[in-house]
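Enquirer: show me how the following folds:
(chains A, B, C and D)
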Protein chains: 4
Amino acid sequence: MKQVWRSSRPQTSRGPRVRGPEEDHQRGGTVPPSWEELSIAPKERSPSSYGAEARGGCSGVPAGSAGSQLCQRGPGLRLYPTPRKGPSRATGARPRQSATRSEPLQSRLHGSTGLRSGSQANFFPPLEDAMLPSGSFNNRMALITGGGTGLGRAMTATLSQLGAQCIIASRKLDVLQRTAEEISSQTGNKVHAVQCDVRDPQAVSQCVDQIEALTGLPDVIINNAAGNFVCPSERLSPNAWKTITDIVLNGTAFVTLELGKRLIQNQKGASFLAITTIYAESGSGFVVPSASAKAGVEALYKSLAAEWGRYGHRFNIIQPGPIRTKGAFSRLDPTGAFEKAMIDRIPTGRLGTPAEIANLAAYVSSNYASWMSGAVIRFDGGEYVSLAGEFNELRSVTPDQWKLLEAMIRKTKGS
Amino acid sequence: MKQVWRSSRPQTSRGPRVRGPEEDHQRGGTVPPSWEELSIAPKERSPSSYGAEARGGCSGVPAGSAGSQLCQRGPGLRLYPTPRKGPSRATGARPRQSATRSEPLQSRLHGSTGLRSGSQANFFPPLEDAMLPSGSFNNRMALITGGGTGLGRAMTATLSQLGAQCIIASRKLDVLQRTAEEISSQTGNKVHAVQCDVRDPQAVSQCVDQIEALTGLPDVIINNAAGNFVCPSERLSPNAWKTITDIVLNGTAFVTLELGKRLIQNQKGASFLAITTIYAESGSGFVVPSASAKAGVEALYKSLAAEWGRYGHRFNIIQPGPIRTKGAFSRLDPTGAFEKAMIDRIPTGRLGTPAEIANLAAYVSSNYASWMSGAVIRFDGGEYVSLAGEFNELRSVTPDQWKLLEAMIRKTKGS
Amino acid sequence: MKQVWRSSRPQTSRGPRVRGPEEDHQRGGTVPPSWEELSIAPKERSPSSYGAEARGGCSGVPAGSAGSQLCQRGPGLRLYPTPRKGPSRATGARPRQSATRSEPLQSRLHGSTGLRSGSQANFFPPLEDAMLPSGSFNNRMALITGGGTGLGRAMTATLSQLGAQCIIASRKLDVLQRTAEEISSQTGNKVHAVQCDVRDPQAVSQCVDQIEALTGLPDVIINNAAGNFVCPSERLSPNAWKTITDIVLNGTAFVTLELGKRLIQNQKGASFLAITTIYAESGSGFVVPSASAKAGVEALYKSLAAEWGRYGHRFNIIQPGPIRTKGAFSRLDPTGAFEKAMIDRIPTGRLGTPAEIANLAAYVSSNYASWMSGAVIRFDGGEYVSLAGEFNELRSVTPDQWKLLEAMIRKTKGS
Amino acid sequence: MKQVWRSSRPQTSRGPRVRGPEEDHQRGGTVPPSWEELSIAPKERSPSSYGAEARGGCSGVPAGSAGSQLCQRGPGLRLYPTPRKGPSRATGARPRQSATRSEPLQSRLHGSTGLRSGSQANFFPPLEDAMLPSGSFNNRMALITGGGTGLGRAMTATLSQLGAQCIIASRKLDVLQRTAEEISSQTGNKVHAVQCDVRDPQAVSQCVDQIEALTGLPDVIINNAAGNFVCPSERLSPNAWKTITDIVLNGTAFVTLELGKRLIQNQKGASFLAITTIYAESGSGFVVPSASAKAGVEALYKSLAAEWGRYGHRFNIIQPGPIRTKGAFSRLDPTGAFEKAMIDRIPTGRLGTPAEIANLAAYVSSNYASWMSGAVIRFDGGEYVSLAGEFNELRSVTPDQWKLLEAMIRKTKGS
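Expert: This next block holds a predicted model:
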């Protein structure tokens, strides 16, 4: 496979370097992502923070908060991995490498744990360098909610690397501060940490006051704070329902409306981006509060794309599929069976990486996409179309079976 | 009731009676629907009920409540009209009318005010008889939220006429009771009024207790309670936002989850129907909280269609376009200019009627559609596709202009 | 199971009668639908009719023709079954039954073979009576392409029963004539058979000449002719591709444009309905030419809904899911494994019946839906949302596993 | 012009240069894009090439061919413009320029004619530099159908600049050769011109033979060939219909299937991209053949994304909105009224530029998007959501009117 891969994309001296999945297998020691990542309550959260309810069901299985480490977006798989400690890979092939762009930074920013992937994954190597020209976000302020961990952290790292001054906001100031320091020390650009519970309009307003004082109103806003858990709907309490919709839908609305009003008053344009999920349009059982709230967010952004263009604002949406993250609860999927089943139905044969999403988010937020508004970009390895198409399960029919089948049909025709 | 109904069904030789738009013009004296119907606060509501907010904007323009008379679904145009007093008339031009078919009941149940319509409306006469076979809902219990007024009232009337025992629920018990009595006296079937604020999970639970005591768990649930107002988004307060999403999204979820859990425990199947809007998918400026909340409702219903089929539940969605209603605020659109502009872009050249939506809702809720689940049915006179298609404004180019254009193009070709 | 069913929907004396799936099992002798139905070349077609191609692959596996018996719509499962010979079931419960409406007709028109269904199917009994009031299509002419067999035949039977004068068109005159006679003899209304290869614009024009001479231009047009086969795309020849798109997309366009032009010249309104498939929007592997052509048909109909409303025309779409049909090639799925897998993922636990689709088609084509245009109605037992939702496979997690999972999560939280 | 352009590029110290819309207004002398661009027959085509038909209507207004200059994608507005002659201007206000990145090449590749734009366009300056790191497509072969002119040319220029060896294909070899030479001389990378009528499967096969001989099978395939004209559907001949669907749908299928088969045989992965239009999903009157064919292309690509991932292939779609092009037929819109109306409804207040689309296409085709498959990316300045949302026309209500309205409502409440 490697042979084939190499022969069809000879990594000579000029194109950007790609990382083959086999590298991960060589690195070994990878903790597989786990079943529990599909669900689940964050390690660090305080169980009392959302209240519980007597009536059983998922009421006591609280949602992740904005910025919580494990409950984001559907699979909860989108954790931003801790930096890889190992030696950086050879980067000689990368033409963009320059004095002003230290490559090891990239690996510190976007290390990845091992990919467990289908064989076709060799064809779809993740390219994790920052894609945009260096300096693309110079003199721009970016606010990323839920920016302390996971995808939010990855997007912050990329924007910071590209020159933005970032503000990350969530409920957990300590997590934010740690992330801010780490990223800032690597990129050399300021990253501010601002505590904010997006569910509370007043807190949001105060948070924006703080932002205005720190950096002025942002040019780039990424609504990424989310919460989710997997649960049969008949086990959902009203409280569980509200916890998710308050964070995801109301939280996004409060942040967006508050910033929008102030930007309009200041006649300042901005790019808004919301991170949703591939099941926002189709809906999905077992993650129903998240599906509903995310669908609401998408309508909010499409609506404002139409209404607020006249004020200089753009609104776009990225729907990530399952993203590769650090396996935190490996007890629950020790054999990796669930992950394997998931990967089997992804046409590109692998999970996505935070850095890939971050590159797309940076593009959409940049002036290269200044004409993009009201767009909904699915980035999921093909999973959605693979699931939705009625006959896609026929991929399990073998070539020999197809031949047999065809022969039978031909014979039958004459009858 | 059967008697009455039957007498309206003699059905002679030529098919069901249709009402031509010209009838309305002959009746005269029609109060035109108004600009304000596009927006706004219900006459009867108490201004204090949702609280207000200091910061200006639409915060003080509260949303309609569940069952409120004027703030439902986008245009607020979907009020159930007061019975028509004027004489009905055979429309001789349409081949499918019958002089021998008197429908006193129908006109009492579904009177309509005058239609102001495009010329093509003659091709699309509303057929307002109950469509399903009489008795289709015998022995079935139906819950309709927001059933006291507007579309909810129309659907209640139709289900009751078809044999269902109905429960209507909203915050205003007096309105509900009046409606219940009126419909029941006409159909001969019981209609119960139950007060319920859908935004409050406990109130919902108590409401369902009451329903179980009255009729047992329902076979048919129609989530129709809604609130809306038209407002630039930069004038929306967090309070205004929450008012709408609490009613529309959380309210629908609380009712649906509570009933679902109990139905599952009782191993009883049911048909759930949500009434949303044509802008739930596309979003729309100026009605953003409603767009977002309705999008959430659609995701909720598609999700549960997938998840709860195994418990015998179906979930479907109707997206009504602008429905013809009684003009309550005619001051604001005295010339009818806004309505005319709206009708101009509707391919069928007219607004819909509550009875048409009610027939569709009855079908979807009946066993004729027992295989339908996860469906989203747009019923809007073609408005949505007309708006969305990039070149549809070329309908204003005249045939002569087309000829001219074509000639120019032909000439140019050779150059 | 029956018990449960009965207790929740006691079939007393008044509602329309429903048929439980268990009846079929009682009837026995059912030939299971088969794998090959998923694909397939029609028994009766001449293999040479579309030409073959040397290069291997599916080139020699020709598509079904308009009206062909086995290749229609995706699964090819939507065959209209041959009339059941067995005794009709008791119909005493049906309230609509009257002297003027002979019930045995229904069973002759819409007999069904046995349903193999999930246990929840008991909650979703198919209701196969004609739903609309008798005479709803009196004095109306209806053209149904592909009306000789399958779904087309079912829709023709229903419209004829409701008073329409029908014209059925396809390439096979003998099949058409047999169907026309059978239906006409049962309903008492004329059914005309007109030969037409929809792929040929001139043939279409001549066919419409014939129709004008026979009945005048139709009020109702149902574009149902289709062809399909299941095939890996790398085995598709250009010829195979064109065969399908010529029938499905070009054929529909030629019929629609020809009739449209003439109706416009005659200032006559009409209802157009296209039968597509649930994978037209999502696409699907292994049926790619059909997916593409059907998507084209949907865009055609949505476009004309916007453009031709001014001429009195409505355009709507029904997307059927897998429909129960007579098993013609039972060799290929002797164990019924494929059908079982398909049913397992349908939330309503069963396949659809031709009569159910026919009722919906009649509604959409009737004046009860005169305000409906540009609508796309999925009617698929919930299959689409079930496939598309990312987490729906979690339905295989048992309640005990959920409890276990929740406990683990709770424990983990504190760590 | 080169000079001027360059002088405007040093642009302060950091980040890529952006062009403000005001630049164009200063230049003056811009030929406005014209009505006829909305339609139209290409200047250079031979009128006899598609045949004509007697019956009137648009039969004699032939479609553009693959690669034709004026008939591409909906508006036909997406022509690649000739370089701007007027003086450029420094946009001191934009902070994101970079002295370290000189792009004279870019200006030669992607000059633009003047933008006539809404006032908010100042917020959304087009950024026309190549976005990806230089060398991103080194050692990669890219095939672009319709690559001789318009958007196709722009995408070719960008890929070539980024290191790809390009093959451009269409029917007009002379146009292709001119373009190939121009681009190649600027980028230093080979651009091959291959004649191909995509409507003819045999021609496609021979064309791929030629490509294999020239460069080997491509890594990147962009299906961009298209044809379109604006025409009332009742004036469409079957011939006009087929002309468009043959180019757009069948042409794309033939190219995609032929390349796919060979790539699969060679176990080589590839990225496929199709350029469609924002009205492919919604449909649109007056461009119906194009709408239908493009919808078919989208289904084809979504289907293959699911089916052929296992062979290493990705399939994605870009839906461009109206793109700024050279005004070729200014007679027809001398006042610019049509263009103004179009821009008025675009939230970003301007048309797109070919270079913006080219940057997105390069990203999607690169390994930065190696996990992207089955995506449909709308890039339209927000036009689609603006059109589709039911209440978006309320943007014409002024702030004073809103205040008045709100006051009236508040007064009414108490009544």
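Enquirer: can you check what angle separates the longest helix anywhere in chain A from helix B:288-307?
Expert: Taking DSSP state H as the criterion, chain A has its longest helix at helix A:288-307. Between helix A:288-307 and helix B:288-307, the angle comes out at 140 degrees (axes from the mean of the first three to the mean of the last three Cα atoms, to 10 degrees).
Enquirer: skip ahead from helix A:288-307 and say which helix or strand is next.
Expert: Using DSSP states H and E, the helix or strand that follows helix A:288-307 towards the C-terminus is strand A:313-320.
Enquirer: that following strand pairs with which strands, parallel or anti?
Expert: Strands flanking strand A:313-320 in the sheet, each with its direction: strand A:270-275 (parallel), strand A:376-379 (parallel) (DSSP bridges).
Enquirer: wait, doesn't residue A:274 sit right on residue A:299?
Expert: No. Under the criterion of Cβ atoms under 8 Å, residue A:274 lies out of contact with residue A:299, with a separation of 10.6 Å. Where C-beta positions appear, they are placed from N, C-alpha and C, glycine not excepted.
Enquirer: which one's more surrounded, the two?
Expert: Using other Cβ atoms under 10 Å in any protein chain shown as the criterion, residue A:274 and residue A:299 rank with residue A:299 on top: 30 against 25.
Enquirer: hmm, residue B:292 and the more buried one touching each other?
Expert: Yes. Taking Cβ under 8 Å as the definition, residue A:299 is a contact partner of residue B:292 at 4.5 Å.
Enquirer: what is in contact with the two at once?
Expert: The contact sets of residue A:299 and residue B:292 overlap at residue B:283 (Cβ atoms under 8 Å, 6 or more residues apart in numbering or on different chains).
Enquirer: what about the residue nearest to residue A:253 when sequence neighbours are not counted, which helix or strand?
Expert: The shortest distance from residue A:253 to any non-neighbouring residue, by Cβ to Cβ, 6 or more residues apart in numbering or on different chains, is to residue B:241 (5.4 Å). With elements delineated by DSSP H and E, residue B:241 resides in helix B:238-245, which encompasses its position.
Enquirer: can I get that helix in PDB? Just the C-alpha atoms.
Expert: What follows is the C-alpha trace of helix B:238-245 in PDB, where atoms were taken according to Å, rounded to 0.1, in the frame of the first residue of the first chain:
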ATOM      1  CA  PRO B 238     -32.100  38.400  24.800                       C
ATOM      2  CA  ASN B 239     -35.500  38.300  26.400                       C
ATOM      3  CA  ALA B 240     -37.300  38.600  23.100                       C
ATOM      4  CA  TRP B 241     -35.100  35.800  21.700                       C
ATOM      5  CA  LYS B 242     -35.800  33.500  24.700                       C
ATOM      6  CA  THR B 243     -39.500  34.200  24.600                       C
ATOM      7  CA  ILE B 244     -39.800  32.800  21.100                       C
ATOM      8  CA  THR B 245     -37.400  29.900  21.500                       C
END
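Enquirer: what's the mean pLDDT across that helix?
Expert: This predicted structure assigns helix B:238-245 an average pLDDT of 97.
Enquirer: and the angle from that helix to helix B:288-307?
Expert: For helix B:238-245 and helix B:288-307, the angle between their directions (the same axes, to 10 degrees) works out to 40 degrees.
Enquirer: burial measure for residue A:260, as a count.
Expert: Neighbours of residue A:260 under the rule other Cβ under 10 Å: 22.
Enquirer: so who does it touch?
Expert: Residue A:260 makes contact with A:272, A:304, A:308, A:311, A:313, B:233-234 under the criterion Cβ under 8 Å, 6+ apart.
Enquirer: dump those into CSV; add neighbour count and pLDDT as well.
Expert: Converted to CSV, the contacts of residue A:260 look like this (neighbours: other Cβ atoms under 10 Å in any protein chain shown; pLDDT from 0 to 100):
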residue, neighbour count, pLDDT
A:272, 29, 98
A:304, 31, 98
A:308, 29, 98
A:311, 20, 97
A:313, 28, 98
B:233, 25, 97
B:234, 19, 97
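Enquirer: which of these lies closest to residue A:131?
Expert: When the contacts of residue A:260 are compared for distance to residue A:131 (Cβ to Cβ), residue A:272 comes out closest, at 20.6 Å.
Enquirer: show me what the closest one bridges to in the sheet.
Expert: Taking DSSP bridges as the rule, residue A:272 bridges to residue A:221, residue A:315.
Enquirer: pretty sure it contacts residue A:301?
Expert: Yes. Judged on Cβ under 8 Å, residue A:272 makes contact with residue A:301 at a distance of 6.8 Å.
Enquirer: quick one: common contacting residues for these two?
Expert: Contact criterion Cβ under 8 Å, 6+ apart; residues shared by residue A:272 and residue A:301: A:256, A:315-316.
Enquirer: how close does residue A:219 get to residue A:259?
Expert: In this structure, residue A:219 and residue A:259 are 11 Å apart, going by Cβ to Cβ, to the nearest Å.
Enquirer: hey, what's in contact with both of these two?
Expert: Looking at what touches both residue A:219 and residue A:259 (by Cβ under 8 Å, 6+ apart), the common residues are residue A:270.
Enquirer: okay, now residue A:248: neighbour count?
Expert: Neighbour count for residue A:248, taken as other Cβ under 10 Å: 33.
Enquirer: one more: the one 5 residues further on?
Expert: Residue A:253 is surrounded by 27 other residues when neighbours are defined as other Cβ under 10 Å.
Enquirer: check it and give its pLDDT.
Expert: At residue A:253, pLDDT is 98.
Enquirer: so which helix or strand takes in it?
Expert: Here residue A:253, judged by DSSP H and E, is contained in helix A:251-265.
Enquirer: in that helix, what's buried?
Expert: Buried residues in helix A:251-265, counted by 16 or more other Cβ atoms under 10 Å in any protein chain shown: A:251-264.
Enquirer: now do the contacts for the residue of the stretch 201-350 of chain A found nearest chain C.
Expert: Per Cβ to the nearest Cβ, the residue of the stretch 201-350 of chain A with the smallest distance to chain C is residue A:284, at 3.1 Å. Applying Cβ under 8 Å, 6+ apart to residue A:284 gives the contacts A:74, A:291, B:303, B:306, C:388-392.
Enquirer: at 7 Å instead, please
Expert: Taking Cβ atoms under 7 Å, 6 or more residues apart in numbering or on different chains as the criterion, residue A:284 is in contact with A:291, B:303, B:306, C:389-392.
Enquirer: can you check residue A:308 too?
Expert: Neighbours of residue A:308 in contact, by Cβ under 7 Å, 6+ apart: A:260, B:233.
Enquirer: how does it look with 6 Å?
Expert: Residues near residue A:308 by Cβ atoms under 6 Å, 6 or more residues apart in numbering or on different chains: none.
Enquirer: how far away is it from residue B:310?
Expert: Distance, residue A:308 to residue B:310, by Cβ to Cβ: 43 Å.
Enquirer: the stretch 301-415 of chain A against chain C: which residues are in contact?
Expert: Taking Cβ under 6 Å from any Cβ of the partner chain as the contact definition, the stretch 301-415 of chain A meets chain C at A:385, A:387-392, A:394, A:402, A:406, A:409, A:413.
Enquirer: quick one, strands of chain A?
Expert: Assigned strands in chain A, in chain order: A:141-145, A:165-170, A:191-195, A:220-223, A:270-275, A:313-320, A:376-379 (criterion: DSSP state E).
Enquirer: packing partners of the fourth one?
Expert: Which is strand A:220-223. strand A:141-145, strand A:270-275 (3 or more Cβ pairs under 6 Å, 6 or more residues apart in numbering or on different chains; DSSP states H and E).
Enquirer: most tightly surrounded among those strands?
Expert: Neighbour counts averaged per stretch over those are highest for strand A:141-145, at a mean of 29; criterion: mean count of other Cβ atoms under 10 Å in any protein chain shown.
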